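heads up, no residue letters with this:
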């Protein structure tokens, strides 16, 4: 089990950083035990007090009922046999706890169960015949008890005269019962509190043992061991949910790490090609003392430099996207003007037939970034088109749709999402992008997402289509 003694705990930091020491004076285990002890003790005190109050009320109510029943029996005996016979009966069969007096109209004692009650009435209760009354007396010397006394009175009429039957009993039995129950509760409470504390200590300790095992396993996982996972206990409780969540987090970290590694590898591969061309060109030109080679190969150097510059800019854009730092200069943009400018550029560069159906539409966005998106899409279409590119616009409720079609090979349904992955390469027929870096489509989708829109790869009547969906301006 996990020890809860006061001890310094060392948190291991990755990356060679110094360990962070924290002191734990009251851990979860001790706090749980203390909370359980306080709650159980308070519950026992409140519950015990309530139990004693209910028990006391029940015992006294039962005593009142017994006294009233006894008084009623004596009153009936008076009516049936008279005073003298009743007095004799009481003297022959006295009850140990309940004592009886019979009082006449002149307030004289005419019947009793013990001699100590022959002199003075023990109570001033005088109910009418057939009525019952009761009272509690603090002390009656004639009964020889220091406890409180319960008295029940019953009125009775005999030969035109009124009598009152008084039946009294001390609360000694009830007091002793309450005292016994109270002592039992006091004796059992510490044992119960100790058992609860021990049970909480053991149960929380077992849970913390599992948590500590998960913590150690997670602490041992570093960048070279992201494939490892923590053990999920078969309990199906919150600790198991914690372990599952840890594994899900490790899955995401491993996926992110693999993605970054692949990204860096692909970026290095893409940068290697223009750099190799520049190095080779410089080596060849340096061997020509006349300098003519520099002049002949300057266009190659310029093209490779532009290609490398474009790739670096794309990488910087994706880095901003990953860091949530892609900022947009949002304003009203005439979308048809952006498309018209890119179509003119496309017609100048490529010997393809470019058809366009434009109409005035306005959106809210960053004009420079929107131009980048449509340039990427049109250049991509130009690299794969056989002879024709078509650009169309459509207005829908609340949005604007721009379609860029080409008569090249249609992207299969299974590859229409993968084509937007970074450095994605499809089949051999589309692997040579004619100078493309494999980042144009991913960047276009990220820019569209930042604008609240999206880019889709689809098809239309045998044509390869890329569709841009943007929210329309108000």
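That came in fine, so what should we check first? Since the model is a prediction, treat every value here as computed from it, not as a measurement.

make it CA atoms for all contacts and neighbour counts henceforth
OK.

which residues does residue 132 bridge with?
residue 154 (DSSP bridges).

wait, isn't it in contact with residue 151?
No: counting by CA atoms under 8 Å, residue 132 sits too far from residue 151 to count as a contact (10.6 Å).

if you count what's nearby, which of those two comes out ahead?
Between residue 132 and residue 151, residue 151 has the larger neighbour count (other CA atoms under 10 Å), namely 26 against 20.

Local confidence estimate at the more buried one?
You'll see residue 151 listed with a pLDDT of 88.

Grab the nearest non-local neighbour of it.
residue 168 (4.3 Å; CA to CA, 6 or more residues apart in numbering).

The one you found and residue 98 touch, don't they?
Yes: here residue 168 reaches residue 98: they are 5.5 Å apart, a contact under CA under 8 Å.

Please report how far residue 88 lies from residue 336.
125 Å (CA to CA, to the nearest Å).

Tell me which of those two has more neighbours.
residue 336 (18 against 13).

just checking, what packs against the helix or strand harbouring residue 245?
Element membership for residue 245 (DSSP states H and E) is helix 238-286. For helix 238-286, the packing partners by 3 or more CA pairs under 8 Å, 6 or more residues apart in numbering; DSSP states H and E come out as helix 172-220, helix 292-296, helix 298-322.

between that helix and helix 172-220, what angle do the directions make?
Helix 238-286 runs at 10 degrees relative to helix 172-220, counting by axes from the mean of the first three to the mean of the last three CA atoms, to 10 degrees.

which residues touch residue 471?
363-364, 398-400, 452-453 (CA atoms under 8 Å, 6 or more residues apart in numbering).

taking those one by one, which sit in helices?
Per DSSP state H, helices hold no members of the contacts of residue 471.

For residue 181, which non-adjacent residue is spatially closest?
That would be residue 52: by CA to CA, 6+ apart, it lies 7.7 Å from residue 181.

What helices and strands are in contact with the helix or strand hosting that neighbour?
Using DSSP H and E, residue 52 sits in helix 28-92. The contact analysis (3+ CA pairs under 8 Å, 6+ apart) places helix 28-92 against strand 109-112, strand 149-158, strand 161-170, helix 172-220.

what comes up buried for the following helix or strand past that helix?
Heading C-terminal from helix 28-92, the first helix or strand you meet, by DSSP H and E, is strand 99-103. The neighbour-count check on strand 99-103 (16 or more other CA atoms under 10 Å) flags 99-103 as buried.

how big is the angle separating strand 99-103 from strand 149-158?
40 degrees.

shaky segments in the stretch 151-300 of the chain?
262-263, 265-267, 269-270, 273 (pLDDT under 70).

burial measure for residue 461, as a count.
Based on other CA under 10 Å, the number of other residues close to residue 461 is 6.

Tell me how far it lies from residue 408.
For residue 461, the distance to residue 408 - CA to CA - is 12 Å.

ditto for residue 186
Counting by CA to CA - residue 186 and residue 408 are separated by 91 Å.

neighbour count winner among those two?
A side-by-side neighbour count of residue 186 and residue 408, using other CA under 10 Å, places residue 408 first with 19 against 14.

where's the more buried one, which helix or strand?
Using DSSP H and E, no helix or strand contains residue 408.

what's the nearest residue to it if we skip its chain neighbours?
That would be residue 385: by CA to CA, 6+ apart, it lies 4.3 Å from residue 408.

quick one, domains of this protein?
69-171, 238-320, 326-471 (automatic domain parsing).

Span of the last one from start to end?
Meaning domain 326-471. 19 Å.

The shortest one now?
Using CA to CA, the end-to-end distance of domain 238-320 comes out at 38 Å.

Can you give the distance of the helix holding residue 245 from its chain's centre?
34 Å (CA atoms, centre = their mean, to the nearest Å).

how much does it deviate in direction from helix 298-322?
170 degrees.

begin at 395 from here
Yep, numbering from 395; the last one is helix 632-680 now.
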